[in-house]
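Enquirer: A structural model of the following input is requested.
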Amino acid sequence: MMSKALVIIPTYNEIENISNVLDKVLNLKILFNVLIVDDNSPDGTALLVEKHIDKYNSRVFLESRNKKEGLGKAYTHGFVWALERDFEYIFEMDADLSHNPEDLIRMYKELDESNCDVVIGSRYVRGINVVNWPLSRIILSYLASIYSRLITGLPVKDATSGFVGYKREVFEKMNLNSILFNGYAFQIELKFKAYKNNFRILEIPIIFKDRIYGDSKMNGDIIFEAIFGLIKLKIYSYFYNINK
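Expert: Reported below is the predicted structural model:
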């Protein structure tokens, strides 16, 4: 059954989480379809997703990639896939249940009923709403969002959020082949390009819970990219059309 809303979930070694997150999303009161973009997980994540494809009667889709190339490339693959079909609302969501699937309902309603083009599930729009993260990671994430506002001028409290809904027009205006980054900076880049194209951005508060199963994909390269990549992104925006 088709829905006008698609949730894209990138996976790499998420076999302990994927069944749970799929069941929760697909049993919401609003109809969502789900696209799993799997980067050749050696733990068999894709094989488990295939069982859910049979179970949920054409509401689960799987794109299996040949190797692990990072979050940005996985999402970009998913965005192109969604644009080739009739989905009106396209959501990003983590596989590890750090994002509460119930919040998709609020995000969907904002895109469907309000004037926003981008809706962000924000950890920082009302204080700091993060559960079970070590203090060092909370500080890093919070400072990254402050830093992104200072460098880019992006009026968003949680620019690194990976829980986001977009109207398809946002991606139609972007050249997805021109995406520069892959990690934290990728999330900021998408929001920055939407902002520069005068799309309306809304943040709604969520509670973010750290994963229980599996390993975080955070590493030093992602942090380095976020720190120095944003300066590059800002400079590019002065001299080039960032969507070309």
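Enquirer: which residue packs closest to the residue nearest the centre of the chain, ignoring adjacent ones?
Expert: Central residue of the chain (CA atoms, centre = their mean): residue 92, 3.1 Å from the mean position. Excluding the flanking residues, the one nearest residue 92 by CB to CB, 6 or more residues apart in numbering is residue 164, at 4.8 Å. Backbone N, C-alpha and C define where each C-beta goes, glycine included.
Enquirer: Residue ranges in this structure under the pLDDT threshold?
Expert: Scanning the chain with the threshold set as pLDDT under 70 gives 1-2, 132, 211-231, 234-244.
Enquirer: what ranges do the helices span in it?
Expert: 18-26, 45-55, 71-83, 103-113, 135-152, 168-173, 184-196, 220-239 (DSSP state H).
Enquirer: Which of these sits closest to residue 202?
Expert: Residue 202 lies closest to helix 103-113 among the helices of the chain, at 5.8 Å (CB to CB).
Enquirer: was I right about residue 66 contacting residue 38?
Expert: No: using CB atoms under 8 Å, residue 66 makes no contact with residue 38, being 10.6 Å away.
Enquirer: neighbour-wise, which of the two wins?
Expert: Taking neighbours as other CB atoms under 10 Å, residue 66 and residue 38 compare with residue 38 leading, 24 against 7.
Enquirer: contacting residues around that one?
Expert: For residue 38, the contacting residues are 10, 11, 12, 45, 46, 49, 62, 63, 64, 65, by CB atoms under 8 Å, 6 or more residues apart in numbering.
Enquirer: Could you measure from the residue nearest to residue 92 over to residue 3?
Expert: Using CB to CB, to the nearest Å, residue 164 is found at 18 Å from residue 3.
Enquirer: quick one: which of the two has more around it?
Expert: Each of residue 164 and residue 3 has its neighbours counted (other CB under 10 Å); residue 164 has more, 25 against 17.
Enquirer: Go ahead and confirm that one touches residue 122.
Expert: No: look at residue 164 against residue 122 with CB under 8 Å: they stay out of range, at 9.5 Å.
Enquirer: who's in contact with residue 91?
Expert: The contact partners of residue 91, by CB under 8 Å, 6+ apart, come to 5, 6, 7, 8, 32, 104, 107, 108, 164, 165, 166.
Enquirer: So the first one versus residue 35, what's the distance?
Expert: By that I understand residue 5. Noted for residue 5: a distance of 11 Å to residue 35, by CB to CB.
Enquirer: Can I get the helices of the chain in a markdown table including mean neighbour count and distance to residue 97?
Expert: Formatted as a markdown table, the helices of the chain follow (neighbours: other CB atoms under 10 Å; distance: least, CB to CB, whole Å):
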| stretch | mean neighbour count | distance to residue 97 |
| --- | --- | --- |
| helix 18-26 | 19 | 6 |
| helix 45-55 | 17 | 14 |
| helix 71-83 | 20 | 17 |
| helix 103-113 | 18 | 12 |
| helix 135-152 | 16 | 17 |
| helix 168-173 | 16 | 26 |
| helix 184-196 | 24 | 18 |
| helix 220-239 | 15 | 21 |
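Enquirer: Just list the residues touching the closest residue to residue 117 other than its chain neighbours, thanks.
Expert: Nearest non-adjacent residue to residue 117, counting by CB to CB, 6+ apart: residue 199, 3.9 Å away. Counting by CB under 8 Å, 6+ apart, residue 199 touches 117, 118, 167, 169, 170, 173.
Enquirer: What of residue 200?
Expert: By CB under 8 Å, 6+ apart, the residues touching residue 200 are 115, 116, 117, 118.
Enquirer: mind redoing it with 6 Å?
Expert: 115, 116, 117 (CB atoms under 6 Å, 6 or more residues apart in numbering).
Enquirer: phi, psi of the closest residue to residue 65 other than its chain neighbours?
Expert: For residue 65, ignoring the flanking residues on the chain, the nearest one in space by CB to CB, 6+ apart is residue 39 at 5.1 Å. Dihedral pair for residue 39: phi -90, psi 50, per degrees, to the nearest 10.
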